[in-house]
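Participant: Fold the following and give me the result.
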Amino acid sequence: MSEGKQEVKTEDILAKVNGLADDLLNWRERADQDIKAAGEISKETKSTIATLEKKLDDLHVRVEKSETPVGLHPATLGKSIGHQFIESKAYKDMIQSGNYESSRFEVKEIISSNLSSAGDLIVPERVPGIVAAPEQALRIRNLLAPGNTTSNAIEYIEETLFTNAAAAVAESVQGSVVNKPESTLRFDKKVASVGTYAHWIPASRQVIADTPQLQSYINERLTYGLKLVEDGVLADALIGAATAYDESLETVLGIEAITRIDKIRVAILQARQAQYPVSGIVINPVDWAAMELLKDTQERYIWVSVVDGGTARLWRVPVVESDAIEAGTFLTGAFRLGAQIWDREGVSVRVSEHHASYFIQNTVAILAEERFGLTIYRPQAFVYGSFSSGS
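Facilitator: The predicted structure follows:
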């Protein structure tokens with residue numbers, strides 16, 4: 001630090017932020033009173049609110065320039081969905097004017113500044129981060145080919161039959177005409193609907209004014225909830241279209257005491273015989289744990305180091321652990337070749353106070369929503385089956 005310059009601690013800046021935020025909320029309430037009494041906000045109130053917001057903006061910049069802001073988890077400073085939302089013009093206009101979008105909602109439980117609800121979360125400098133509920137890894141989407149659509153339905157062609165009759169053909173000569181073999185290739189027209197997935201939480205206007213709290217709810221809860229449903233939708237659709245596991249291949253390969261790992265390898269072979277190289281495996285965490293815990297006759301783990309762990313791969317293919325698939329079952333397939341996910345609308349966030357008596361209760365609803373569809377071009381590219389007991 002240069003001589004003559006006084007160090008400004010981040011916790012001091014955050015203390016000022018909290019003080020200014022409280023003042024700003026009080027003046028916004030006064031603005032509501034002005035509107036009720038005179039039909040408009042007084043010049044003094046407008047001027048004071050503008051001054052307070054300018055001071056808060058200046059302090060926000062100083063906090064972001066600090067190396068380790070006290071009380072704020074570093075992840076909240078990134079350009080996440082929540083961060084982009086609070087920096088958007090729509091959010092700033094909403095806070096400035098108090099004018100919220102209109103939507104219809106049903107009331108469940110309100111997230112407020114009460115200690116029994118979200119009080120501890122509204123003072124981020126007291127707790128370095130939020131102890132969130134457990135989350136599962138969501139990666140089925142990452143296995144699929146991505147796409148975007150501007151419609152509510154996707155029309156596509158599905159390959160339903162291919163018989164390969166290609167063979168060597170002798171030359172036709174006088175008196176002996178050779179016909180070339182005919183293969184069969186059939187396509188059917190399909191239509192995949194774009195589904196809408198959404199949920200919301202009621203919250204007090206004080207929570208809206210608290211930026212770190214708003215980011216946390218959008219990123220960690222609302223957005224996560226949508227992705228959880230998305231994972232289940234994708235798994236159900238792929239399993240419903242997949243080809244059943246062919247147990248006869250076990251006999252062909254001469255396997256007697258088949259294990260979970262054996263089953264996966266046979267399923268990979270089944271897809272490969274249909275000319276689809278497998279690019280992903282989806283299994284329940286229970287089955288994946290059972291595979292990792294396999295030991296040899298000397299009680300040594302077969303392929304994983306307990307200290308370092310191991311890459312989530314089987315037979316050179318990436319493994320996705322997901323609770324969206326039942327324990328005791330598996331799904332393998334050529335995901336990027338056989339299916340595609342179509343995003344109609346990415347995760348969006350909307351806020352409204354126009355529901356029932358929300359306006360006079362200083363309550364708003366925060367809604368997260370996304371729209372997507374799934375096309376499965378080649379059902380034969382996916383194999384779905386179950387593990388035998390004790391394998």
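Participant: what about the strands in the chain?
Facilitator: 145-148, 153-163, 184-193, 195-204, 243-244, 280-283, 313-314, 317-321, 329-333, 339-352, 363-376, 382-386 (DSSP state E).
Participant: worst average pLDDT in those?
Facilitator: Across these, strand 153-163 has the smallest mean pLDDT, namely a mean of 79.
Participant: partner strands of that one, parallel or antiparallel?
Facilitator: strand 184-193 (antiparallel) (DSSP bridges).
Participant: and Gln275, what pLDDT?
Facilitator: Value for Gln275, per-residue pLDDT: 83.
Participant: Count the neighbours of it for me.
Facilitator: Here the number of neighbours of Gln275 (other Cβ atoms under 10 Å) works out to 13. (Each C-beta comes from the backbone N, C-alpha and C, glycine too.)
Participant: Per-residue pLDDT of Ala290, please?
Facilitator: 89.
Participant: can you put the strands of the chain in a markdown table and add mean neighbour count and distance to Ala31?
Facilitator: Formatted as a markdown table, the strands of the chain follow (neighbours: other Cβ atoms under 10 Å; distance: least, Cβ to Cβ, whole Å):
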| stretch | mean neighbour count | distance to Ala31 |
| --- | --- | --- |
| strand 145-148 | 12 | 41 |
| strand 153-163 | 13 | 46 |
| strand 184-193 | 11 | 45 |
| strand 195-204 | 18 | 17 |
| strand 243-244 | 14 | 64 |
| strand 280-283 | 25 | 53 |
| strand 313-314 | 16 | 59 |
| strand 317-321 | 19 | 51 |
| strand 329-333 | 26 | 56 |
| strand 339-352 | 18 | 18 |
| strand 363-376 | 21 | 16 |
| strand 382-386 | 22 | 58 |
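Participant: So, low pLDDT: which residues of the stretch 101-250 of the chain?
Facilitator: 101-138, 208, 210-219 (pLDDT under 70).
Participant: All the helices of it, in order from the start?
Facilitator: Per DSSP state H, counting those that start in this stretch, the stretch 101-250 of the chain carries helices over the ranges 140-143, 205-209, 211-216, 223-241, 248-252.
Participant: now could you export just the CA positions of the first one as CSV?
Facilitator: Spelled out, it's helix 140-143. Extracted in CSV, the C-alpha atoms of helix 140-143 (Å, rounded to 0.1, in the frame of the first residue of the first chain):
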residue,chain,number,x,y,z
ILE,A,140,-27.8,-35.5,-19.3
ARG,A,141,-28.3,-32.3,-21.4
ASN,A,142,-24.5,-32.1,-21.9
LEU,A,143,-24.6,-35.5,-23.7
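Participant: any chance of the helices of the stretch 101-250 of the chain in CSV, plus distance to Ala165 and mean neighbour count?
Facilitator: Shown next, in CSV, are the helices of the stretch 101-250 of the chain (distance: least, Cβ to Cβ, whole Å; neighbours: other Cβ atoms under 10 Å):
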stretch, distance to Ala165, mean neighbour count
helix 140-143, 33, 18
helix 205-209, 66, 20
helix 211-216, 60, 22
helix 223-241, 26, 18
helix 248-252, 23, 12
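Participant: Nearest to Thr48, out of those?
Facilitator: Minimum separation from Thr48 across those (Cβ to Cβ) falls at helix 205-209, 15.6 Å.
Participant: Show me what that closest one is packed up against.
Facilitator: Counting contacts by 3 or more Cβ pairs under 8 Å, 6 or more residues apart in numbering; DSSP states H and E, helix 205-209 is packed against helix 10-38, helix 211-216, strand 363-376.
Participant: For the closest residue in space to Leu161 that isn't next to it in sequence, give its distance to Thr160.
Facilitator: The shortest distance from Leu161 to any non-neighbouring residue, by Cβ to Cβ, 6 or more residues apart in numbering, is to Arg186 (4.0 Å). In this structure, Arg186 and Thr160 are 5 Å apart, going by Cβ to Cβ, to the nearest Å.
Participant: Next: Ile261.
Facilitator: Taking Cβ to Cβ, one finds Ile261 at 32 Å from Thr160.
Participant: Equivalent analysis for Gln298, please.
Facilitator: Distance from Gln298 to Thr160, by Cβ to Cβ: 50 Å.
Participant: Then Ser248?
Facilitator: Taking Cβ to Cβ, one finds Ser248 at 22 Å from Thr160.
Participant: how does the chain divide into domains?
Facilitator: 1-70, 87-164+179-391 (automatic domain parsing).
Participant: any idea how far Gln33 is from Glu40?
Facilitator: 12 Å.
Participant: Sorry, wrong one. I was asking about Gln361.
Facilitator: The value you get for Gln361 to Gln33, if Cβ to Cβ is used, is 15 Å.
Participant: Quick check, pLDDT for the closest residue in space to Ile302 that isn't next to it in sequence.
Facilitator: Among residues not flanking Ile302 along the chain, Leu294 sits closest, at 4.9 Å (Cβ to Cβ, 6+ apart). Predicted confidence (pLDDT) for Leu294: 84.
Participant: quick one on the thing from earlier: any chance of the strands of the chain in TSV, plus distance to Ala235?
Facilitator: Converted to TSV, the strands of the chain look like this (distance: least, Cβ to Cβ, whole Å):
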stretch	distance to Ala235
strand 145-148	17
strand 153-163	19
strand 184-193	16
strand 195-204	14
strand 243-244	16
strand 280-283	7
strand 313-314	18
strand 317-321	10
strand 329-333	7
strand 339-352	12
strand 363-376	11
strand 382-386	10
